[in-house]
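Novice: task: produce atomic coordinates for the following.
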Amino acid sequence: MNLQDIKIEYDLIVSLGSSCAPAINLRRYGLRKFSMPLDWMISASLSDVTRLIKSRFNRFMAFENLSRLDETHFYLNDGNPVYDSPDGQSLSKSYFIRDTEYNIISAHDFPIIPNVDWRSFYPVYRQKLDRRITRFWANLVQSTSSLFIRWSASYEEVYELREILSTLLRGRSYTILILNPAEHLTVTRELPWGMEHVCALEVPGDMNDYSNWDFILNGIRLQ
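Specialist: Coordinates of the predicted model:
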C-alpha cells in the first residue's frame, strides 16, 4: 500500500508506539477518540507489543512485574503537562516504570514526589490503565476499519503483527502504517515492502517534527 491509499476514513485509529509521538500527533489532528493503553508508553520492540496484543493485555503492568529505572520524564495527565507551581513555570517529573514481562515502560504516570514511594500511586494507575484497556478492546471488536500507527519496526516484526491482527479482526478492514526513521533523510519516501494491509514509510529521524507528521496525516479521517 502507498501513502495515498491509506488517506481514507477510519472508525478507529490506534497508536502502537514506540513513543508518545504518534498519540500526540493523532490528538493534534483530531484523530484520537480516547486515550489508549500504549499512548504514553515506550516500547522499543514491536514484537513485545504484538505479544501484548496477542495476550489481550494479560498481566500488563502487573505490580509484581514492575521495576523503577533511573531515567525520569515529565508527569502528564493524558498527555497534558502537570505543573509543580501555580505560575506554570515548573513541570512535574515522573519515574520510568518498566514492565519486565513485556519490556514496555510507563514514562509519564508515576509522579516524583519527595518522600513518597512510587508504589503508592499504583492503585490509581491500575484503575486508569484497566479503563483504557477495556475501552480499547470494546472499540476494536466493533471497528470495521482500523488504522494502526507504529514508529520504527522491522519487516519481520510487522509481518508478525499483521498475522495477529488478521486473526483478531476476522476479515474486517485494517491498515498498519509504519514510520521507519532514517538518518539524514529530509523527505518521506515509501518502502517497497509489498505486504498486504501495510504502508511502510522511511521518514526523517526527528519524531517530533510536526511538518513530517502533517504530510503523513493530512487526508486521514476519523468517523
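Novice: C-alpha only now, for contacts and for neighbours.
Specialist: OK.
Novice: looking at this structure, which helix or strand is least sure?
Specialist: Least confident helix or strand of the chain, by mean pLDDT, DSSP states H and E, is strand 80-81 with a mean of 88.
Novice: does residue 70 sit in a helix, a strand or a coil?
Specialist: Look at residue 70: counting by DSSP: H, G, I helix; E, B strand; the rest coil, its state is strand.
Novice: can you classify the nearest residue to it once chain neighbours are set aside by secondary structure?
Specialist: Closest residue to residue 70 apart from its sequence neighbours, by Cα to Cα, 6 or more residues apart in numbering: residue 96 at 7.2 Å. Classification of residue 96 by three-state DSSP places it in strand.
Novice: and stretch 78-86, which residues are buried?
Specialist: Buried residues in stretch 78-86, counting neighbours by 16 or more other Cα atoms under 10 Å, are found at 79, 82-83.
Novice: meant to ask about stretch 107-122, not that
Specialist: Buried residues in stretch 107-122, defined by neighbour count with 16+ other Cα under 10 Å: 107-112, 118, 122.
Novice: related to what we said a few turns ago, what sits up against the least confident helix or strand of the chain?
Specialist: Strand 80-81 is contacted by residues 74-75, 91-92 when judged by Cα atoms under 8 Å, 6 or more residues apart in numbering.
Novice: residues contacting the closest residue to residue 2 other than its chain neighbours?
Specialist: Leaving aside its chain neighbours, residue 2 sits nearest to residue 199 (5.6 Å; criterion: Cα to Cα, 6+ apart). Contacts for residue 199 (Cα under 8 Å, 6+ apart) come out as 1-3, 6, 175-178, 190-191.
Novice: would you confirm that residue 26 belongs to a strand?
Specialist: No: counting by three-state DSSP, residue 26 falls outside a strand, being helix.
Novice: now do the contacts for it.
Specialist: Residues near residue 26 by Cα under 8 Å, 6+ apart: residue 32.
Novice: residue 133 too?
Specialist: Counting by Cα under 8 Å, 6+ apart, residue 133 touches 36-37, 57.
Novice: got CSV for those, with pLDDT, distance to residue 221 and secondary structure too?
Specialist: Shown next, in CSV, are those (pLDDT from 0 to 100; distance: Cα to Cα, whole Å; DSSP: H, G, I helix; E, B strand; the rest coil):
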residue, pLDDT, distance to residue 221, secondary structure
36, 96, 18, coil
37, 97, 21, coil
57, 98, 27, coil
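Novice: and those residues as JSON lines, adding neighbour count?
Specialist: Formatted as JSON lines, these follow (neighbours: other Cα atoms under 10 Å):
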{"residue": "36", "neighbour count": "22"}
{"residue": "37", "neighbour count": "21"}
{"residue": "57", "neighbour count": "17"}
